[in-house]
Each structure stands twice: as C-alpha cells, then as structure tokens.
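Asker: Sequence plus predicted model, see below.
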Amino acid sequence: MSRAAQWFDQIVLDLLRQLRWSFLPPLLIYFAYGVQGLTSVASTFFVKEYLDLEAAFLAGLAFWVGLPWALKMPLGHLVDLIWRWKYLLILLGAVLMAASYGIIAGLLISPEAMLRIMPANAWYVTSALLAPCGFVLQDIVADAMSVEAIPHQRPDGSSFSADESRVMHTTMQTLGRITLIGGFSAAAAMNVWLFDGADALPQTEKGALYAQIYLLALMVPLLSLTGIAVALLQRTQMGARLRKLGLSGAEIQSRLTLPRDPVTVNWWYFIGGGAFVALSLGVGLSDVPQSQELVFAGSMLIVLLLMRQLIKSLAPAQARALIGTAIIIFAYRATPLNGAAASWFEIDVLGFDPQFLSVLSLISSLLTLSGMVLLRPLIANNTIAWIITFLALTEAVLSLPNIGLYYGMHEWTAAMTGGVVDARFIALVDTAVESPLGQIAMIPMLAWIARNAPSNLKATFFAVMASFTNLALSASSLGTKYLNQIFLVTREVKDSSGEVLTQADYSSLGMLLITVALLKLAIPLVTVLLVQMSPLHSSD
C-alpha cells in the first residue's frame, strides 16, 4: 500500500469504520442545531424592513435571548433527574422551535390575522425568546445522549477495553462537532443560493422569500425529532436480535440500557443556577459601573462552587485530572483576540468587501469540517496538555500573516508573484489553515467527561463544565476590550452630509496584533507548564 493510500485509510476510512449506527440520534440533533442558522440573514432583513425596533431595544433583547443558556446548569441536573423522559424534552424543544419559526412566517403570510391578536413587535419578541428555550433543552439532552450512544458491550456480552472506549468517545465528540459545523455550513450555502439576486426583487417578493425561508426552517425541529425516531428504531432492532438469541427479558434490558446509578436531587445546582440568572438580571438591567466585570466575577464564583459539588462524586485522582484539564482549556479559550479593529483595517485599507468576507466565513466552516477529520488522530492519540501546546504554537505562528498584512507584506509578495499572492490570497490561505483549530480544543474535554463522569450525572457534568469553559470566552472578550483600550484604533466616521466626524487612525494596530500573538502563545504554554508540574497534572 502506498503512503498516500495508507494515510487515506488511517485518516478518512478509519473514521468511517469507527462510525456506529448508535451515534446517529445525537448527531441528528447537533446537525439540526447547526442548520438553525438558515434564518439568520432573513431575520436581520425582516427586523430592518418590517419592524420599528430601535437598536438599543434589540441589544437589550439579545440579553434576554441569552438567558436560557444561563439556565443550562440547573436544566442539566433536571435532565439527569428525569432521564427516562428525555425524548419528551426533545419533543418539547422541537415544539418551541417550530412555534418560533411559525410566528415569523405567520407575520409575513397573514399579517392582518396576526396583528389582530397583538402587535408585530410583541410577536417578534415572543419568537426570539421561544427559539433558544427549545435549543437549550435539546442541546442538554443531546450531550448526555452522546454518552449513551457509545456501546458498553459487544454483541457477545464482553466489555470494551479502556483504550477502545476512549477512542469511541473521542470519535463521538469529534463527529458531534463535525455535524454541528456541517449544519452551519449547509445553512450558509443555502442562504447564498436563496438570496441570489434578492436585492433586485420588489419588497412584496422579498417578503415572500423571507416567509419561504421561515417555512423551510420548520425542517429544523423535524430534523431534531428524527433523532428520537432513529433511537427508537435502534432499540427495537436490537431487542429483536437479542430475543432471537434466546436472551431473557432482564438480559435484553441490561444490553439495551446503559447502567445508571440512582440520581438524588442536589439543590445546589438549582440554587446556583437561580443565583446565576438573578445576577445576570440584576446587573444587566441596571447601569452599574463595570457591569461586565461584575457579571463575570459573580458567574465564575457560582460556577466554581458548582464544580466543587461535581468533583465530590469523583475519585481524588479523577477530580485532580478534571480540575487540571479545565484550567488548561480555560486558559487557552480565555486568550484575547484582535477585536473589531483588525476587521476595520481589512475593510478600509485592504479593501475587503462584504462578499469576500462572506466567502471567508463559508470557507472557514467548510475547512473546519475537513480539518477536524484530518486532525482526529492528533486528538485521539495525545494528551490534552500536548494538544493545547500544539494549538498555542500553531495559532501564534498563524498570527504572523495578519501582522504582515498590516506592515505591507502583501505589497512585496504581490510584486514578486505578478499580483497572485496579494492581500486576499494571504487572507484566504490563513483562513484555510487556521479554521479547524478553534473547534479542536473542546473535543478532548467533552470526551473526558463522557468517559469519566458518573453515569447518573452526565448531563449535569456537561452543563456545568460547558458553563465554566464558556466563561473563558467572556474572559477573552474582557481581555480584548482592555487591549483595544490600551492600543486605541479609530476608523473614519462620517455624518449624513459626508462630513468626517472621526479620522481613521490605525497607527496602534500593529502593536495590538503583536501583543495578541504573544499572549496567544504565552498564556496557554505557561498554564500547561504550571498545571503539569502540580498535583493537578493529567496524562489523559
């Protein structure tokens, strides 16, 4: 076998060999969540053209729309408590999503009938609040279903080895991220097709197009429900095969159902979740100075207290490994970014138009899919500390093209290559290489939870650890804000008459880009070194 054929077998065909029929139910739910991006463009134009909502109101609404995700911690524990009813939770989520899409479709198709009940703005707010409630319910259940999808016994009743189980869990979580990104990519491609030539349509036909998209989006909840249908079909087929082998009813039940220890109510999760929401509401609806910092600090304290409740159910060695792993991934995800200043420079100075930026976005999502497949052996065969070190070094190197673009590298490369390697070429190549990296970091963490969390607390573990690692993104946002305050960059702003109100000033952007690149390298590497030298080190 040639090297190319061997590589293809190990990277692509091996993934297909590891794909199991039992993986499909949670993957369908993840894919449905990705496809919900189908309405993102239509929603923007619907609000702009049909509603009279102010920008400040929409910003406030975004705060409320995010609250259901703040409830993920207590909802995760609730799912563990009522796990036998998990399919009803998926159904409830689908109903909420369908109602959200149906409301906007109704406003576009039969506005008179809808307005007789309540104003269009009120309908839109209702729709905006229903959708995330449905998605968060399904997401919590799908996370725990991804653990159930891993078979715990072979057909002959023998157990899988620890290494075999590790590979299956890593593959399952990798496929989960792949299907999620695949859903986003499919939605982006459909939007490119659906909106082709839409600018030239009269307003009535534009409204009909928006309605068509929202009716098409009703496939999203239906797609998520196919996860239930496939799971029930799998259970029926497996039961029939086991009965043919002459197994008793009790033996069949033990093969069909992953063992779960009894679950007792831990009120700390509900108290912590309530405190999380109360803090977000109290600070978010007031004009408290440093409100973002207060919400971050308070949320971090609450999540750490809930994590302390979690690790009580683990063996000491597992608890130390989980803490060390969480700290490493938190540090990696908390590194600051360039912020909007870099995008302004690309638009104003490099001349990147909206279409080209859209192309970059689509390329990024598509290459993320292929990159996660190609890098899967790296994820499965190395420790989390090694993976984060690799990602930190790689991302620091990939920061160099952006720095080079600021200092005019594209002018030199374009002159040397007859205009081929220009700014857009460099941006395309950089996007292509960097795309998969951000999604890789979470896969080892998810696989670790799937393997090691107690069987009766899978949903709780996923929810609390997701809240902790998502707080790292808040820390990243705060760091980005502080750096942009230190290295001040302004873009040109004009009033309606064309008079310049603010002059463009990109003189500090170079130091901003260099500082971000150094922090991307230093923060994760120092954290990995300190954790691996401490009792919290992990070889997993």
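Answerer: The structure has been received and is ready for your questions.
Asker: elements contacting the longest helix belonging to the chain?
Answerer: If you go by DSSP state H, the chain has its longest helix at helix 162-194. Packing partners of helix 162-194 (3 or more CB pairs under 8 Å, 6 or more residues apart in numbering; DSSP states H and E): helix 14-18, helix 24-35, helix 40-50, helix 120-148, helix 203-216, helix 354-374, helix 376-381, helix 442-452. The way it works is simple: take the backbone N, C-alpha and C, and place the C-beta from them, glycine included.
Asker: a markdown table for the ones you listed, including mean pLDDT?
Answerer: Putting these into a markdown table (pLDDT from 0 to 100) gives the following:
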| stretch | mean pLDDT |
| --- | --- |
| helix 14-18 | 71 |
| helix 24-35 | 89 |
| helix 40-50 | 77 |
| helix 120-148 | 86 |
| helix 203-216 | 86 |
| helix 354-374 | 67 |
| helix 376-381 | 69 |
| helix 442-452 | 68 |
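Asker: Check those helices for me and report the most buried one.
Answerer: Of all the helices and strands packed on helix 162-194, helix 24-35 has the most neighbours on average by mean count of other CB atoms under 10 Å, namely a mean of 24.
Asker: Residues contacting that helix, please?
Answerer: With contacts defined as CB atoms under 8 Å, 6 or more residues apart in numbering, helix 24-35 is touched by 90, 135, 138-139, 141-143, 145-146, 149, 172, 175-176, 179-187, 219-221, 223-224, 226-228, 230-231, 234.
Asker: Next, the angle from that helix to helix 203-216.
Answerer: Relative orientation of helix 24-35 versus helix 203-216 (axes from the mean of the first three to the mean of the last three CA atoms, to 10 degrees): 160 degrees.
Asker: Work out the gap between helix 24-35 and the centre of the chain.
Answerer: The chain centroid and the centroid of helix 24-35 are separated by 13 Å under CA atoms, centre = their mean, to the nearest Å.
Asker: With stretch 20-27 instead?
Answerer: Centroid displacement of stretch 20-27 relative to its chain, using CA atoms, centre = their mean, is 19 Å.
Asker: Output that stretch in CSV with nothing but the alpha carbons.
Answerer: Once non-C-alpha atoms are left out, stretch 20-27 reads as follows in CSV (Å, rounded to 0.1, in the frame of the first residue of the first chain):
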residue,chain,number,x,y,z
ARG,A,20,-21.5,3.4,14.5
TRP,A,21,-25.3,3.3,13.9
SER,A,22,-25.8,4.1,17.6
PHE,A,23,-24.1,7.5,17.1
LEU,A,24,-26.8,8.8,14.8
PRO,A,25,-29.5,10.1,17.2
PRO,A,26,-27.4,12.8,19.0
LEU,A,27,-25.6,13.7,15.7
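Asker: can you pull the buried residues of the longest helix of the chain?
Answerer: Neighbour-count burial for helix 162-194 flags 165-188, 191, 194 (criterion: 16 or more other CB atoms under 10 Å).
Asker: State the mean pLDDT of it.
Answerer: For helix 162-194, mean pLDDT is 78.
Asker: Turn the helices and strands packed on helix 162-194 into TSV, columns for distance to Thr527.
Answerer: Shown next, in TSV, are the helices and strands packed on helix 162-194 (distance: least, CB to CB, whole Å):
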stretch	distance to Thr527
helix 14-18	30
helix 24-35	29
helix 40-50	34
helix 120-148	25
helix 203-216	44
helix 354-374	24
helix 376-381	19
helix 442-452	14
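Asker: Mind checking the ones you listed for the one nearest to Leu279?
Answerer: Of all the helices and strands packed on helix 162-194, helix 120-148 sits nearest to Leu279, with 18.3 Å by CB to CB.
Asker: Just the residues contacting stretch 83-93, thanks.
Answerer: Outside of stretch 83-93, the residues within contact range by CB under 8 Å, 6+ apart are 29, 79, 82, 133-138, 140-141, 144-145, 221, 224-225, 227-228, 231-232, 260, 263, 459.
Asker: Pull out the buried positions in that stretch.
Answerer: Neighbour-count burial for stretch 83-93 flags 83, 86-87, 89-93 (criterion: 16+ other CB under 10 Å).
Asker: what's the pLDDT at Ile82?
Answerer: Looking at Ile82, its pLDDT stands at 82.
Asker: Regarding the residue lying closest to it once chain neighbours are set aside, which helix or strand does it belong to?
Answerer: In space, and not counting its chain neighbours, Ile82 is closest to Leu89: 7.7 Å by CB to CB, 6 or more residues apart in numbering. In the assignment (DSSP states H and E), Leu89 maps to helix 86-109.
Asker: Give me the next element, helix or strand, following that helix.
Answerer: Scanning onward from helix 86-109 (DSSP H and E), the first element met is helix 111-115.
Asker: Ramachandran angles for the nearest residue to Phe330 once chain neighbours are set aside?
Answerer: Leaving out its chain neighbours, the residue that sits closest to Phe330 by CB to CB, 6+ apart is Ala472, at 4.5 Å. Per-residue torsions, Ala472: phi -60, psi -30 (degrees, to the nearest 10).
Asker: got the contact list for Ala472?
Answerer: Taking CB under 8 Å, 6+ apart, we find Ala472 in contact with 329-334.
Asker: most surrounded residue in those residues?
Answerer: Comparing the contacts of Ala472 by number of neighbours (other CB atoms under 10 Å), Tyr332 comes first, having 27 neighbours.
Asker: gap between that one and Ala240?
Answerer: Taking CB to CB, to the nearest Å as the measure, Tyr332 and Ala240 are separated by 47 Å.
Asker: try Ile311
Answerer: With CB to CB as the criterion, Ile311 and Ala240 are 42 Å apart.
Asker: Alright, that wraps it up for me.
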